[in-house]
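Chemist: can you look at this prediction? I've put the sequence above it.
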Amino acid sequence: GGKDGKDAANTDIHKIIRMVVEKNYDPVIVFSFSKRECEALVESLHKIDLCNEDEKKLVDTIYSASLDNLNEEDRRLPQVVNLLPLLRRGIGLHHSGLLPILKEAIELLFQEGLLKVLVATETMSTGLNMPARTVVFTSPRKFDGSGYRWISSGEYVQMSGRAGRRGKDDRGLVILMMDERMDPAVAKDMLHGRSDPLDSAFHLTYSMILNLIRVEGAEPENLMTSSFAQFQSDRNLPKLEAAAEALAVARDAVEVEDGEAVADFVNLRDTLAVLQSERRDILNLPAHAVPFLQPGRLARVCTRDPRSVSAEAASAGEDGGAAAVAAAGVGAEWGMVVNFERSGTEYLVDVLVMVSEQAVEKKSPAAGSTVHSRFQIKSIDSSGDDAPAADADGGDTGSEVCEPRVVQVPLSQLDCLSSVRVYSPKDLRPIEARLRVQKSLAEVLRRFPDGVPRLNPEEDMKVEGAQFRKLVRRIEALEGMLTRHPLAGSETLPLQLEAFSKKRDLALQCKIAKREAKAASGMILRDELKHRRRVLRRMNHVSEDGVVLTKGRVACEMTTADELVATELIFNGTFKELDAEMCVALVSALVWREAGPDIGEVKLSEESKEVHNKLRDTARLVGKQVSECKLTIDVNEYVDSFRPDLMDMVRAWSTGTKFAEIMKLTTLFEGSVVRAIRRMEEVMRQLGTACRVIGETELEAKFEECSAMVKRDIVFVDSLFL
């Protein structure tokens, strides 16, 4: 987004707060969905002063008393010093990046009525009894990890429910700031829709399994069958069986005229599609595609990630060939490249495409589903004007909003790149800018009725090799066979292919539904439990007879960090050969899992780099064992999840460096660093307990020393509520 857009938003919030205070609608909570935006909004309010002199003295007194337990160094921290002038003007800030003691001080001041405006993230709306008279939403959309979406009805009710204080206000006021058009059906669902469903988050862990195995009479199966997740699965079984039966009936009802000839034609077409998808995979290799991902370039985008489609087909019991055909058959529509970024080993591309967004969002049953579980890519000349509206009772009638939008897709989801480029505005947040781009793309399609020109693989993209040329020749040969097929010129062929495709899709959906119904008819997570037990046996945590061994007793104590990797680091001598400071650094890599720059770009000392490489080697061994036991895991992603970002910083902290000094080594928020160090201390206590269990007294003493080294000053200051 552009700076002008942010300035406009800040000006608007300034006007809204002025209006709220003048009409005595304060106190007000302003909800924003990012920590950085909260900070920017607070900075924009520097001219507003809402407290009189008496209130300012009270703020000074309470704030000073809150900091009594801090030493002089910590009281001079920038975050501590910069917050007081803000609070004295009656404006507060609340997000997870603040130091815990400052958050508690702000909560006390707000409850005392000394803060008239509180800018906060949505975590403020849960678990805290801090109502206000007015609530302001800076935007009705939030980023959920895969894309921006409208906030759900449950989220809206939770946050807007802060408006109105029991016994003080006869009503609460909610102000929703809009920066783009919202379809009436979306607005109706957000304001009056159903609350978010309560779903079980039950999942298996290795320490849970080991702790249950070693207690006589307490088997994992007993816990699983008595869980809420099992109850939900049993209750959902009749619906799954009915859905599978309905799909089977629909599949059998579809008739294909001249079925054998159509099947032969489809086999040729599918083989061609698979070869074309192989060519697409080669062209989508970063070395070939990334140099051409300039803003404004036209790109055909698959309506779904072919990898997800292939995985779904495989989960339905299809063999590799059928799964490849399913992936190759994914449709594609034209869009425009906006930007791209690298995330670990994968490239993610921002593309502007025409999408329809379901007015009533549904939870995707597939784990790891992408943004397109909610957005469906449409033709660039599609329009949402004819979309059906929700019925009067607020029911889901399949209402959708169709508009050009920027979505992020993996590089593997691009079908091809064009040699044509169009003008791309710098700020695509306004709907008007996106509509202009849509018109440009539609005009390009109109001018090339025979197909938009594509980049030549050999001349433009410099793809070389005998294997690629052989693949191209096979594609050309199959295209010739298709044109010579007896059905090629038939007028009824489109209808026959449509019926055949419909029947095949229904058959695949039926297989998936039957598999889901079969899984729901028994114990939940049965296969996962079997595979996890196999992992524990192969890594010598459990004997063949199901007895917990020494390594298993260590893993039993680990609940905050990865138990398999931590146990391996103890038994392979890594912790033993390191000094206490480097042990602290190593534990930080076990604990810190937040996303960051590519690991190769993180600046580390040579000692930290060497220790982190040992951790990665251990994690790779564990990941391979898990993968070989048929558990779904990307070994490279698993290895990269052990981040080294905090290693040098916490090593300095363990040697007595002041908090203000270590914060100069990172761009993270102070609150995030405090939480990380507290979790590290918890992990080190667990490691010490594990070593005591197996009689490793020397290592136990080292972990106790590590714990004492980090447990000091502002990071472990007592809570104001204790």
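Modeler: Arrived safely.

Chemist: quick one: low-confidence parts of the stretch 1-150 of the chain?
Modeler: The stretch 1-150 of the chain contains residues with pLDDT under 70 at 1-10, 127-128, 146.

Chemist: all helices of it, in order?
Modeler: All helices of the stretch 1-150 of the chain, identified by DSSP state H, counting those that start in this stretch, fall at 3-22, 35-44, 53-66, 72-75, 78-88, 100-111.

Chemist: tell me which element residue 529 falls in.
Modeler: Taking DSSP states H and E as the criterion, residue 529 maps to helix 526-538.

Chemist: what's that helix packed up against?
Modeler: Under the contact criterion of 3 or more C-beta pairs under 8 Å, 6 or more residues apart in numbering; DSSP states H and E, the helices and strands touching helix 526-538 comprise helix 206-213, helix 220-225, helix 606-628. In this view, the C-beta of every residue, glycine as well, is placed from N, C-alpha and C.

Chemist: tilt between it and helix 206-213?
Modeler: Per axes from the mean of the first three to the mean of the last three C-alpha atoms, to 10 degrees, the angle that helix 526-538 makes with helix 206-213 is 90 degrees.

Chemist: list the buried residues in the helix or strand following helix 526-538.
Modeler: Sequence order places helix 550-556 as the next helix or strand after helix 526-538, per DSSP H and E. Of the residues in helix 550-556, 551-556 count as buried by neighbour count, 16 or more other C-beta atoms under 10 Å.

Chemist: output the below-cut-off pLDDT ranges for this structure.
Modeler: For the chain, residues meeting the criterion pLDDT under 70 lie at 1-10, 127-128, 146, 315-321, 357-375, 382-401.

Chemist: re the thing from before, and the angle for the helix holding residue 529 with helix 606-628?
Modeler: Taking the same axes, to 10 degrees, one finds helix 526-538 and helix 606-628 inclined to each other by 120 degrees.

Chemist: so what's the residue count around residue 267?
Modeler: Residue 267 has 11 neighbours, counted by other C-beta atoms under 10 Å.

Chemist: out of the helices and strands packed on helix 526-538, the one nearest residue 303 is which?
Modeler: helix 606-628 (29.8 Å; C-beta to C-beta).

Chemist: strands of the stretch 101-250 of the chain, start to end?
Modeler: For the stretch 101-250 of the chain, the strands defined by DSSP state E, counting those that start in this stretch occupy 117-120, 134-137, 141-143, 148-150, 173-176.

Chemist: reformat these as CSV; add mean neighbour count.
Modeler: Converted to CSV, the strands of the stretch 101-250 of the chain look like this (neighbours: other C-beta atoms under 10 Å):
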stretch, mean neighbour count
strand 117-120, 26
strand 134-137, 23
strand 141-143, 15
strand 148-150, 18
strand 173-176, 18
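
Chemist: now render those strands as TSV, adding distance to residue 533.
Modeler: As requested, the strands of the stretch 101-250 of the chain are arranged in TSV below (distance: least, C-beta to C-beta, whole Å):
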stretch	distance to residue 533
strand 117-120	45
strand 134-137	48
strand 141-143	38
strand 148-150	38
strand 173-176	51
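
Chemist: can you report phi and psi for the closest residue to residue 677 other than its chain neighbours?
Modeler: Nearest residue to residue 677 in three dimensions, chain neighbours excluded: residue 715, at 5.0 Å (C-beta to C-beta, 6 or more residues apart in numbering). Note on residue 715: backbone dihedrals following degrees, to the nearest 10 are phi -70, psi -30.

Chemist: is it true that residue 715 touches residue 659?
Modeler: Yes: counting by C-beta atoms under 8 Å, residue 715 touches residue 659, with 6.9 Å between them.

Chemist: and the helices in the stretch 151-300 of the chain?
Modeler: With DSSP H, counting those that start in this stretch as the criterion, the stretch 151-300 of the chain has helices at 153-160, 184-192, 206-213, 220-225, 228-253, 259-283, 286-289.

Chemist: so what touches the fourth one?
Modeler: Right, helix 220-225. Helix 220-225 is contacted by residues 202, 204, 208-209, 212-213, 230, 523-525, 529 when judged by C-beta atoms under 8 Å, 6 or more residues apart in numbering.

Chemist: can you do 7 Å?
Modeler: 209, 212, 230, 523-525, 529 (C-beta atoms under 7 Å, 6 or more residues apart in numbering).

Chemist: pull out the buried positions in it.
Modeler: Of the residues in helix 220-225, 220, 224 count as buried by neighbour count, 16+ other C-beta under 10 Å.

Chemist: could I have it exported to PDB, CA atoms only?
Modeler: Extracted C-alpha coordinates of helix 220-225, given in PDB (Å, rounded to 0.1, in the frame of the first residue of the first chain):
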ATOM      1  CA  PRO A 220      -3.800 -43.300  24.600                       C
ATOM      2  CA  GLU A 221      -6.800 -44.900  23.000                       C
ATOM      3  CA  ASN A 222      -8.900 -44.400  26.100                       C
ATOM      4  CA  LEU A 223      -8.200 -40.700  26.100                       C
ATOM      5  CA  MET A 224      -8.900 -40.400  22.400                       C
ATOM      6  CA  THR A 225     -12.300 -42.200  22.500                       C
END
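
Chemist: that older thread, for the helix holding residue 529, the distance to its chain's centre please.
Modeler: Relative to its parent chain, helix 526-538 has a centroid offset of 27 Å by C-alpha atoms, centre = their mean, to the nearest Å.

Chemist: okay, buried residues for it please.
Modeler: In helix 526-538, counting by 16+ other C-beta under 10 Å, buried: 529, 531-537.

Chemist: just stretch 175-186 next, same as before
Modeler: For stretch 175-186, the neighbour count (16+ other C-beta under 10 Å) marks 175-176, 179, 182-183, 185-186 as buried.

Chemist: quick check: the two most widely separated of those residues?
Modeler: 175 and 185 (21.8 Å).

Chemist: show me how far stretch 454-470 is from its chain's centre.
Modeler: 35 Å.

Chemist: winner for burial among the helices of the stretch 151-300 of the chain?
Modeler: helix 206-213 (a mean of 20; mean count of other C-beta atoms under 10 Å).

Chemist: what comes into contact with it?
Modeler: Outside helix 206-213, the residues that touch it by C-beta under 7 Å, 6+ apart are 218-220, 223, 532-533, 536, 541-542, 546, 548, 552, 555-556, 558-559, 563-564.

Chemist: how big is the angle separating the longest helix anywhere in the chain from helix 259-283?
Modeler: Secondary structure of the chain per DSSP state H: the longest helix is helix 493-521. Computed with the same axes, to 10 degrees, the direction of helix 493-521 lies at 80 degrees from that of helix 259-283.

Chemist: by contact count, what packs against helix 493-521?
Modeler: helix 228-253, helix 259-283, helix 306-315 (3 or more C-beta pairs under 7 Å, 6 or more residues apart in numbering; DSSP states H and E).

Chemist: out of the ones you listed, which is closest to residue 481?
Modeler: The nearest among the helices and strands packed on helix 493-521, by C-beta to C-beta, is helix 259-283 at 5.8 Å.

Chemist: in terms of secondary structure, what does the closest one contact?
Modeler: Using 3+ C-beta pairs under 7 Å, 6+ apart as the contact test, the elements touching helix 259-283 are helix 320-328, strand 414-421, helix 466-483, helix 493-521.

Chemist: gap between the third one and the chain center?
Modeler: What it means is helix 466-483. Distance, centroid of helix 466-483 to centroid of chain: 40 Å (C-alpha atoms, centre = their mean).

Chemist: residues making contact with that helix?
Modeler: Residues outside helix 466-483 that contact it (C-beta under 7 Å, 6+ apart): 268-269, 271-272, 275-276, 278-279, 282, 488.
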